[in-house]
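In: Okay, predicted coordinates and the sequence, questions at the end:
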Amino acid sequence: MAVHEPPQRKRRLSRRFFTRAMGASALAAATSVATQARPASAQAICEYLCCQLLYCPTFPYSTCSNNATYIWGCYSGASFCRCCEAPGRASISCYP
């Protein structure tokens with residue numbers, strides 16, 4: 001006489017398999033995205049204090065922050081700098 005697993009146990013195992021397979025495929029997708037080479041245009045051209053900018057700072061920070069694509073902050077020694085990039089230009093503002 002063969003021993004069969006109850007239907008609920010089979011269903012639970014198939015859910016676990018499905019969840020495990022989805023997790024593995026999501027991890028593989030995230031790994032492939034994270035390891036792709038960045039295009040050369042995404043590299044910093046102008047390094048100013050702790051900000052690595054695509055364009056060198058050329059205009060006031062307030063103007064940049066109003067039209068910004070990216071805004072971030074960083075520390076340069078004891079000073080905190082706010083970095084900003086807008087299409088075709090960049091700005092930086094540092095204070096102690």
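Out: Alright, I've got the coordinates.
In: CA atoms for contacts and neighbours, from now on please.
Out: Noted.
In: Give the full set of residues in contact with the nearest residue to Ala90 once chain neighbours are set aside.
Out: Leaving aside its chain neighbours, Ala90 sits nearest to Pro57 (4.8 Å; criterion: CA to CA, 6 or more residues apart in numbering). By CA atoms under 8 Å, 6 or more residues apart in numbering, the contact set of Pro57 is Arg89, Ala90, Ser91, Ile92.
In: Which helix or strand contains the second one?
Out: Assessed by DSSP states H and E, Ala90 sits inside strand 89-95.
In: From the contact counts, what lies against that strand?
Out: helix 61-66, strand 79-86 (3 or more CA pairs under 8 Å, 6 or more residues apart in numbering; DSSP states H and E).
In: Buried residues of it, list them for me.
Out: Across strand 89-95, burial judged by 16 or more other CA atoms under 10 Å covers Arg89, Ala90, Ser91, Ile92, Ser93, Cys94.
In: Kindly report the same for stretch 55-70.
Out: Residues of stretch 55-70 classed as buried by neighbour count (16+ other CA under 10 Å): Tyr55, Cys56, Pro57, Tyr61, Cys64, Ser65, Ala68.
In: who does the closest residue in space to the fourth one that isn't next to it in sequence bridge with?
Out: Counting by CA to CA, 6+ apart, Tyr61 lies nearest to Ser91, which is 5.2 Å off, once chain neighbours are set aside. Going by DSSP bridges, Ser91 is paired in beta bridges with Cys84.
In: residues contacting Ser91?
Out: Cys56, Pro57, Thr58, Phe59, Pro60, Tyr61, Cys64, Cys83, Cys84, Glu85.
In: One more pass at 7 Å, please.
Out: Pro57, Thr58, Phe59, Pro60, Tyr61, Cys64, Cys83, Cys84, Glu85 (CA atoms under 7 Å, 6 or more residues apart in numbering).
In: can you check Leu49 too?
Out: Going by CA under 7 Å, 6+ apart, Leu49 touches Ser76.
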